[in-house]
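*Asks:* model the structure of this input:
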Amino acid sequence: MNAEKKLLVLSLSLIAVSFAVSIVFSFKDVKTDGEEKIKQYQEAEISKTKSRLKVLVDVVYTSVDADFKGATSRDNLALNYSRPAGDILDIALDRLRYYAGLAASGKMPAAEARKRAEDEIRSLRYAGGAGFFWITDTTAPVPRVLVHTAYPGIEGSIPAGEEWNLALGNGTNVFAAFREVAVGGGEGFVDYIRPEPAGEDTTVDVPRLAYVRLFKDWGWIVGTDILLDKSLEDMKGKSMSFVRKIKIDGGQGGFFITDKELPLPKLLVYPHKPALEGRAPTGPEYNVAGGQNIFAASLNLCLQQGEGPVVYKWREPGSSRKAGQQSRMTYVKLHEPLGWVIGADVSLGGLDKEVAQRKGALRSRLLWFVLKMSGLGAAVLILGAIVINFFEGRILHAPGAAGASAPGAVTPIPPAGDGQKDGARAPEDIVDAVARNVGNMIEEQKKLLDTLAGLKKKEEGKNKKE
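*Replies:* As a prediction, this is how the structure comes out:
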């Protein structure tokens, strides 16, 4: 091969390599851009779903909280419990009046009368032992405890520690609140919250109501404590019934409520499978939040952040691993006073389908890009072949050139006929030789294009099935 031919081949090779590199980088850019757009679409849709679920959960949370406050508010409690509390307190006050009368009449020393009155109040119980009484003096700001059936250890002391700052919803000392109500108005209610055991290493704030009355004869304040079980249980039943009926997306989604018991909460409301209510869901099918139980993951999120979303993959038991799996989102919020995790759960199956379709469209686009670039590449190669054949013919058969082409080379240009001068060849002979060689290349390129077109049809058919 002479220098001129080498130069031509080298130039065409550089063009071909540059074209191939350009195709590779263009393909990569198209693929990266398409994948980024799909990712942005997916994130935007997930963000919309998160916002929608937050609004729904906030609405239900507000309703539940309103019911809770209604069931535990001072006015509501006083309305419902004033008469029975007053009747109960009258029992204790009747005994105090009896002993005060004995002391006033001289039939019993005052100190002994007080001692006997304290002992008798200490022994009084009602409601199966759950109801009790206490007595304090009127020392300000926190009175001294004289009798306390539930906490005998504080008798004789002034309970001013922070652990007693439980009243009126603002951290007021509960005994100071008793004194303020009794001294200020003679009698009245004091609402407060007292932590009660709710499981291993957990407590729940239980609303309670105290009714206190001033016994002026001795300057004592007598009180009794009412556990608001019925009012609170009625409220819980009403709220759970309300939440159980709410459906989202035509029944594809709904609400649930769990407690906050660790490590795995119990389902209090679960319309999807009512049989699980009252139980902790322990099956492996629930370990879908990064390998963690979805309800445990929801509780941990609430304990850390108060509220937030959890996205997971769910597969209905009995369905195939691939066909039955779909993305879902849960948004949960903790109601601390009740110890409830309130959650809304919806399917993201529509998003899964749309993302799959967009990925399929991207694959088709990339395949079509390969087809177009292959056609363009074929045109470049064909043009190069024409140029090489043309110049090769000129070089091989120019005056002083070597003889016939070596075996396996391109079809030689026919020798000059009569009437041709200086070895020049007729243009039509050169065209025929080039055409035969290029024709073979075109046939091979056509086969390649047909193969790629077949792959494109298969890909489109696959996308339609998805």
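
*Asks:* all strands for the stretch 251-400 of the chain, in order.
*Replies:* Using DSSP state E, counting those that start in this stretch, the strands found in the stretch 251-400 of the chain span residues 253-258, 267-269, 307-315, 325-335, 340-347.

*Asks:* and the longest helix belonging to the chain, how far from the chain's centre?
*Replies:* As assigned by DSSP state H, the longest helix anywhere in the chain is helix 3-72. Here helix 3-72 is found 21 Å from its chain centre; the criterion is C-alpha atoms, centre = their mean, to the nearest Å.

*Asks:* could you list the low-pLDDT ranges of the stretch 201-350 of the chain?
*Replies:* For the stretch 201-350 of the chain, the stretches with pLDDT under 70 are 201-204, 227-230, 316-324.

*Asks:* where do the domain boundaries of this structure fall?
*Replies:* 3-51+353-405+421-465, 73-234, 246-347 (automatic domain parsing).

*Asks:* do I have it right that N173 meets R179?
*Replies:* No - judged on C-beta atoms under 8 Å, N173 makes no contact with R179 at a distance of 9.2 Å. From N, CA and C alone the C-beta is placed, and that goes for glycine too.

*Asks:* any common contacting residues for those two?
*Replies:* P141, V142 (C-beta atoms under 8 Å, 6 or more residues apart in numbering).

*Asks:* ok, the residue nearest to V341 when sequence neighbours are not counted - contacts?
*Replies:* The spatially closest residue to V341, leaving aside those adjacent along the chain, is T258, at 4.7 Å (C-beta to C-beta, 6 or more residues apart in numbering). The contact partners of T258, taken as C-beta under 8 Å, 6+ apart, are P265, K266, L267, L268, F295, S298, L299, W340, V341, G343.

*Asks:* I'd like these laid out as a markdown table, including distance to E187 and neighbour count.
*Replies:* Converted to a markdown table, the contacts of T258 look like this (distance: C-beta to C-beta, whole Å; neighbours: other C-beta atoms under 10 Å):
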| residue | distance to E187 | neighbour count |
| --- | --- | --- |
| P265 | 42 | 24 |
| K266 | 41 | 18 |
| L267 | 44 | 20 |
| L268 | 38 | 21 |
| F295 | 47 | 25 |
| S298 | 46 | 27 |
| L299 | 43 | 23 |
| W340 | 35 | 26 |
| V341 | 40 | 23 |
| G343 | 44 | 29 |
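
*Asks:* between those residues, which sits nearest D249?
*Replies:* G343 (15.1 Å; C-beta to C-beta).

*Asks:* and the closest one, what are its bridge partners?
*Replies:* Residues in a beta bridge with G343, per DSSP bridges, are F256, V332.

*Asks:* that one: what's it in contact with?
*Replies:* V57, F255, F256, I257, T258, S298, T330, Y331, V332, K333.

*Asks:* pipe these into TSV and attach distance to H148 per row.
*Replies:* Putting the contacts of G343 into TSV (distance: C-beta to C-beta, whole Å) gives the following:
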residue	distance to H148
V57	42
F255	43
F256	41
I257	36
T258	36
S298	41
T330	46
Y331	45
V332	40
K333	38
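
*Asks:* ok, of these, which one's closest to G70?
*Replies:* I257 (18.2 Å).

*Asks:* for that closest one, which non-adjacent residue is spatially closest?
*Replies:* Using C-beta to C-beta, 6+ apart, the closest residue to I257 is V269 (4.0 Å).

*Asks:* how far away is that neighbour from A100?
*Replies:* 53 Å (C-beta to C-beta, to the nearest Å).

*Asks:* could you do G375 as well?
*Replies:* Taken as C-beta to C-beta, the span from G375 to A100 is 112 Å.

*Asks:* comparing these two, which residue is more hemmed in?
*Replies:* The neighbour comparison of G375 against A100 (other C-beta atoms under 10 Å) goes to A100, with 21 against 14.

*Asks:* and that one, what element?
*Replies:* Taking DSSP states H and E as the criterion, A100 maps to helix 74-104.

*Asks:* on contacts alone, who are the packing partners of that helix?
*Replies:* Applying 3 or more C-beta pairs under 8 Å, 6 or more residues apart in numbering; DSSP states H and E, we find helix 74-104 packed against helix 110-123, strand 187-199, strand 202-215, strand 220-227, helix 229-245.

*Asks:* what do you get if the cut-off is 6 Å, keeping everything else the same?
*Replies:* Contact here means 3 or more C-beta pairs under 6 Å, 6 or more residues apart in numbering; DSSP states H and E; on that basis helix 74-104 packs against helix 110-123, strand 202-215, strand 220-227.

*Asks:* circling back: now the domains of the chain in CSV, with distance to Y61?
*Replies:* Below are the domains of the chain laid out as CSV (distance: least, C-beta to C-beta, whole Å):
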stretch, distance to Y61
domain 3-51+353-405+421-465, 15
domain 73-234, 17
domain 246-347, 5
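
*Asks:* to S63, which of these lies closest?
*Replies:* Closest to S63 of the domains of the chain is domain 246-347 (C-beta to C-beta; 9.8 Å).

*Asks:* where are the low-confidence patches of the stretch 1-150 of the chain?
*Replies:* For the stretch 1-150 of the chain, the stretches with pLDDT under 70 are 1-12, 15, 19, 74, 77-78, 80.

*Asks:* and G128, helix, strand or coil?
*Replies:* Using DSSP: H, G, I helix; E, B strand; the rest coil, the three-state assignment for G128 comes out as coil.

*Asks:* tally of neighbours for it?
*Replies:* G128: 6 surrounding residues under other C-beta under 10 Å.

*Asks:* and for the one 4 residues further on?
*Replies:* Counted with other C-beta under 10 Å, residues neighbouring F132 total 20.

*Asks:* closest to A140 out of the contacts of T258?
*Replies:* If you rank these by distance to A140 using C-beta to C-beta, W340 comes first, at 39.4 Å.
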